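J.: quick one, fold the following:
(one chain, ligands or ions: 2)
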Amino acid sequence: MLIASLKPRTMGGTTNTGLLAYALARAGRPVTCYDADESLQLTAWARDASDFPCRVHEADTPAFAETIYPAMDHSRINLVDAGHAENHPDIVDSVLEVADLAIVTLSPTTADYDRLTRPERGTPLAKLVRRSAALRPSGQPPATVVLLNRCQAGAASPKKYADLLANGGKNGTDPAWTVLSTRIPRREAIASAVGFPCDKPERKAPYDALVTELVHLGHLPEAQR
Ligand SMILES: Nc1ncnc2c1ncn2[C@@H]1O[C@H](COP(=O)(O)OP(=O)(O)OP(=O)(O)O)[C@@H](O)[C@H]1O
Ligand SMILES: [Mg+2]
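T.: Ligands and ions are numbered 1, 2, ... in the order given. The predicted structure follows:
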């Protein structure tokens with residue numbers, strides 16, 4: 001299967017992609033990563049961290065569906081880190097054409113919510129997801145979930161933005177999103193995760209919970225015993 005890690009702009013996407021890869025490997029899942037962001041930070045993370053759990057293939061191409069996807073081992077969990085959807089909609093279109101699940105990283109702030117739902121420039125991510133349906137054999141877009149990150153403990157903002165996203169905005173007229181109940185906390189140990197080993201409990205627990213929730217929702221196959 002293929003999981004796409006998406007975001008409109010810088011939102012913690014690579015952090016979430018890499019730490020999810022570690023969590024999948026901890027759960028005994030065969031995982032392979034693809035780096036579809038031209039900044040190649042996930043690629044560099046795998047090079048620099050001695051314990052990175054899998055290979056990362058460079059894949060920053062708008063021909064992702066035609067040239068990268070067919071060569072994947074589809075029995076594995078393939079995880080692709082995409083760059084800014086605002087700046088590289090062509091690559092994100094191609095990833096959405098073949099992804100089984102899209103995880104959108106978002107911080108619970110007005111600035112990030114606005115960039116997801118009504119960017120001043122660029123195509124809203126919801127529109128990229130919707131239009132992918134036309135290119136997919138099923139005629140349906142991939143299952144898409146929002147993962148809130150940089151959530152401050154005890155703050156009201158995660159619930160506020162989760163409700164706005166789930167309800168289609170204040171007036172209910174915007175696209176509605178499925179928001180995961182797993183929330184990635186704002187933590188220094190997570191802020192400094194990219195490029196380094198996953199050797200701190202704060203880098204593990206939220207992502208183990210994410211894997212559990214994805215299994216529970218039916219987005220990941222049950223683990224084989
Ligand atoms: N849970 C977190 N708590 C605190 N800071 C975080 C957390 N997750 C990410 N960050 C910080 O957010 C910033 C962006 O993270 P990251 O590089 O993963 O985002 P990105 O969306 O991949 O960005 P890019 O646009 O470069 O691809 C970094 O400074 C990182 O330290
Ligand atoms: Mg990144």
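J.: what sits closest to Glu86 if chain neighbours are left out?
T.: Gly122 (3.7 Å; C-beta to C-beta, 6 or more residues apart in numbering). (C-beta placed from N, C-alpha, C; glycine too.)
J.: what lies in contact with stretch 113-123?
T.: By C-beta atoms under 8 Å, 6 or more residues apart in numbering, the residues outside stretch 113-123 that reach it are 8-9, 85-87, 89, 104, 106, 124-126, 161, 164-165, 169, 174-175.
J.: hmm, back to that, and the residue nearest to Glu86, how far from ligand 2?
T.: According to C-beta to the ion, to the nearest Å, Gly122 and ligand 2 sit 17 Å apart.
J.: so how many other residues sit close to that residue?
T.: 17 (other C-beta atoms under 10 Å).
J.: next: the one 5 residues further on.
T.: Using other C-beta under 10 Å, Lys127 has 13 neighbouring residues.
J.: buried subset of the contacts of stretch 113-123, written for PyMOL?
T.: Selection of the buried residues among the contacts of stretch 113-123 in PyMOL, burial being defined by 16 or more other C-beta atoms under 10 Å:
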select buried, resi 8+9+85+86+89+104+106+124+125+126+161+164+165+174+175
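J.: which of the contacts of stretch 113-123 fall within helices?
T.: Mapping these onto helices (DSSP state H) picks out 89, 125-126, 161, 164-165.
J.: how distant is stretch 20-40 from the center of its chain?
T.: Taking C-alpha atoms, centre = their mean, to the nearest Å, one finds the center of stretch 20-40 at 11 Å from the center of the full chain.
J.: quick check: buried residues in it?
T.: Using 16+ other C-beta under 10 Å as the test for burial, stretch 20-40 gives 20-25, 27, 29, 31-37, 40.
J.: ok, stretch 150-166 next?
T.: For stretch 150-166, burial by neighbour count (16+ other C-beta under 10 Å) applies to 150-151, 157-158, 161-162, 164-165.
J.: contacting residues around that stretch?
T.: So stretch 150-166 is contacted by 12, 106-109, 113, 146, 148, 170, 176-179, 183-186 (C-beta under 8 Å, 6+ apart).
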